[in-house]
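>>> 3D model of this:
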Amino acid sequence: MLPHSTIEQLRYGRVSSQAYFFRTAIEKTPANTVSVTLLGLEGDEQAESFHGGVERAVLQFDYDYYAELQHTFPKSASLFVSGGYGENLVVAGMNEHNICIGDKIAVGTVVLEVAQPRQPCFKLNHRFNEPTISRYSQNNNKTGWFYRVLQAGQISVNDQIRVIERPYPQWTIANVQHYLYVETDNLAATTELAALPELGAEVKGVFQHRLETNEVEDWHSRLESLIKLEMRVVKIVEESATIKRFYLSRTDLGALPPFSAGAHITLKLPNGLKRSYSLCDSTVEGVYQIAVQQARDSQGGSQYMHQQLKVGDVLSVYEPTNFFEMARDKHHLFVAAGIGITPFLSMIDEAIAHQEQFELHYCVDNIDDYPFKHELSAYAANIHLYTSAQRLDLAQLLNTHQRGSHVYSCGSPAFVQLVRDNASHWHDNNVHFENFSPAEHADDNAFTAIVSQAGTEVEFSVSAKQSLLDAIRAHGLRLDSACETGTCGRCKVKYSGDVDHRDTVLSARERQTYMTPCVSRAKSGVLKLELA
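Numbers count the residues shown, from 1 in each chain. Below you'll find the predicted structure:
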């Protein structure tokens, strides 16, 4: 029997940028009855012209998925409700595994035809406040699909929706997605899909391009792109002889994307460098605040910020991301050294807002004059300061792990590792850390890398003082990254060879297949990599 079900909801939406800091019509309004034209539901808008059209006229998503998504992503459970994916037709029991390309669908007085799978984009990550939901949806065939309208008419809630004709039973949405994203080198399937008449031009074009070029697409930017804001430096404050605090606001005076304590932003500097800095105040609306210490060995990032950046200058800034989030629990131990204090400034605010206990153990050069002294003095009862004359005894501090306690450390790799070593008897879920730079290894050796991407193979040497990621980019190959300290996993790639894993994000099982070239490198011999 061919699939059939009932219309639970009908939804249409207007374009807005109020909630998400980008234009979208994903927030849709329920309706009892709608008129449907060849371009979709009357009143339903698209933020971009390529989001609509005759082959993307109507979007359907399986309502049954929401319960599973609530379980998989509990922090965002309240957002996984009818219409969450921006679908026009809310229907249960029809999904990517039982709906096929070319299926003709009767509903109300309308006849629809299945055109193509939805290709989810990064906007879903913002919709659900989950940075991996777009990729999860794609990898698990929970995307929804688009119809073209063969016969205009009306649809009402509770109308029956049923498949009335199935010309391609072999081409379920899920099967098409398998060859689109997984088995991308299957020539027979690629050839058939490139010529499938009813397959939408957008997806069909992908298969045609593969036949013509023997190249496979990189979906990363679609799935995980960060929003880039144009921001102006509105204030600069000298916190110490080596630290400046920069205040940034949007040039269009629009609202800023929210962030949680521990988050950072990435700046694209006019000298071409990208640098990430922790956000150090979450209480002032309309402004991002970062504190930058000028490093003695600066390669142009902190040096530019200190010596050239001035009030009124405009920068490209990528929205906040967070690899150093606080747990919601009873007690927090913050352990910082030097400029590593910056993420804890917002964490203190967040702990107070949630009525959670905290202690800050801060290693400074001078107990009478240290960065953010005035700001931290408001919490004097919770602050413990240490110098070279009065050293922090980590073994004593972390000797006992009380239920409901978490320890957080931030600073140089050596300092963070010292905290981790002394907290080795704590549960992994209760130890949180962030490196401000990759660890240095004096015994690094040069090695040879062979990297393949899009049908091209490049062989090159990586010097002892060069990261593998830098070497990859120096040879014209594309590889996205974020933290560049082995913390986030965004740059992970498949490899073969003997690897010295230095990241803090991959599991032991993942390390059998993947490595993070921002910090990890070859132990010996030749290292082979596969880039998407």
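
>>> make it CA atoms for all contacts and neighbour counts henceforth
Will do.

>>> residue 296: neighbour count?
Around residue 296 there are 9 other residues, counting by other Cα atoms under 10 Å.

>>> now do the end-to-end distance for stretch 151-159.
Terminal residues of stretch 151-159 are spaced 16 Å apart (Cα to Cα, to the nearest Å).

>>> name the residues that touch that stretch?
By Cα atoms under 8 Å, 6 or more residues apart in numbering, the surrounding residues in contact with stretch 151-159 are 6-10, 31-38, 107-112.

>>> likewise stretch 308-315?
230-236, 251, 267-270.

>>> check the gap between residue 73 and residue 132 for me.
Per Cα to Cα, residue 73 is found 10 Å from residue 132.

>>> among the contacts of stretch 151-159, which are located in strands?
Among the contacts of stretch 151-159, the members found in strands (DSSP state E) are 6-10, 31, 33-37, 107, 110-112.

>>> buried only: go through these for me.
Listed as buried from the ones in strands among the contacts of stretch 151-159 are 6-10, 33-34, 36-37, 107, 110-112; burial here means 16 or more other Cα atoms under 10 Å.

>>> which one of those residues is nearest residue 123?
The shortest approach to residue 123 among these belongs to residue 10, at 21.5 Å (Cα to Cα).

>>> beta partners of that closest one?
The partner list for residue 10 in beta bridges (DSSP bridges) reads residue 31, residue 89.

>>> all helices of the chain, in order?
In the chain, the helices defined using DSSP state H lie at 65-72, 123-127, 133-139, 173-177, 187-194, 201-213, 220-224, 301-307, 342-353, 373-376, 394-397, 413-422, 468-474.

>>> what lies in contact with the fourth one?
Contacts of helix 173-177 from elsewhere in the structure, counted by Cα under 8 Å, 6+ apart, are 96-101, 116-117, 141, 145, 193.

>>> likewise the first one?
For helix 65-72, the surrounding residues in contact (Cα under 8 Å, 6+ apart) are 76-78, 80-82, 142.

>>> which one of these sits closest to residue 211?
Proximity of these to residue 211 (Cα to Cα) peaks at residue 142, which lies at 26.9 Å.

>>> which of the contacts of helix 173-177 count as buried?
Neighbour counting with 16+ other Cα under 10 Å marks 96, 99-101, 116-117, 141, 145, 193 as buried within these.

>>> residue 178 and residue 168, how far apart?
Using Cα to Cα, residue 178 is found at 16 Å from residue 168.

>>> show me the contacts for the nearest residue to residue 444 once chain neighbours are set aside.
Once flanking residues are discounted, residue 444 sits nearest to residue 464: 5.2 Å by Cα to Cα, 6 or more residues apart in numbering. By Cα under 8 Å, 6+ apart, the contact set of residue 464 is 444-447.

>>> isn't residue 239 up against residue 371?
Yes - with contacts counted by Cα atoms under 8 Å, residue 239 reaches residue 371, the gap being 5.8 Å.

>>> settle it for me: which of the two has more neighbours?
Set side by side, residue 239 and residue 371 show more neighbours around residue 371, with 22 against 17, by other Cα under 10 Å.

>>> check contacts around that one.
By Cα under 8 Å, 6+ apart, the residues touching residue 371 are 239-240, 243, 338-339.

>>> can you add pLDDT and give those residues back as JSON lines?
Output for the contacts of residue 371, formatted as JSON lines (pLDDT from 0 to 100):
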{"residue": "239", "pLDDT": "90"}
{"residue": "240", "pLDDT": "88"}
{"residue": "243", "pLDDT": "93"}
{"residue": "338", "pLDDT": "89"}
{"residue": "339", "pLDDT": "91"}
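
>>> which of those are buried? Put it as a PyMOL command.
Applying 16+ other Cα under 10 Å to these, the buried members can be selected in PyMOL as follows:
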select buried, resi 239+243+338+339
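
>>> which two of the contacts of residue 371 have the greatest separation?
Using Cα to Cα, the two most remote members of these are 239 and 338, lying 12.2 Å apart.

>>> if you rank every helix and strand of the protein by mean pLDDT, what lands last?
helix 220-224 (a mean of 70; mean pLDDT, DSSP states H and E).

>>> ok, which stretches of the stretch 151-300 of the chain are strands?
Along the stretch 151-300 of the chain, the stretches classed as strands by DSSP state E, counting those that start in this stretch are 153-156, 160-165, 228-238, 243-250, 264-268, 274-278, 288-293.

>>> check the offset of the last one from the chain's centre.
Just to be clear, that refers to strand 288-293. Centroid separation for strand 288-293 versus its chain: 22 Å, with Cα atoms, centre = their mean, to the nearest Å.

>>> likewise the third one?
Mean-position distance between strand 228-238 and its chain equals 23 Å (Cα atoms, centre = their mean).

>>> C-alpha coordinates for it, CSV please?
Extracted in CSV, the C-alpha atoms of strand 228-238 (Å, rounded to 0.1, in the frame of the first residue of the first chain):
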residue,chain,number,x,y,z
LYS,A,228,29.6,37.3,9.8
LEU,A,229,28.9,40.8,11.3
GLU,A,230,30.3,44.1,10.4
MET,A,231,31.4,45.7,13.8
ARG,A,232,32.9,49.0,14.8
VAL,A,233,35.4,49.6,17.6
VAL,A,234,33.6,52.0,19.8
LYS,A,235,35.9,52.1,22.9
ILE,A,236,39.3,50.9,23.9
VAL,A,237,40.4,50.6,27.6
GLU,A,238,43.9,49.8,28.8
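
>>> parallel or antiparallel, which strands does that strand pair with?
Sheet pairing of strand 228-238 (DSSP bridges) gives strand 243-250 (antiparallel), strand 314-321 (antiparallel).

>>> and what of the shortest one?
In its sheet, strand 153-156 lies beside strand 33-37 (antiparallel), with partners assigned from DSSP bridges.

>>> give me the mean pLDDT for the partner strand.
The average pLDDT for strand 33-37 rounds to 95.

>>> outline the domain layout of the protein.
What automatic domain parsing lists as the domains of the chain is 4-222, 226-321, 331-435, 447-531.
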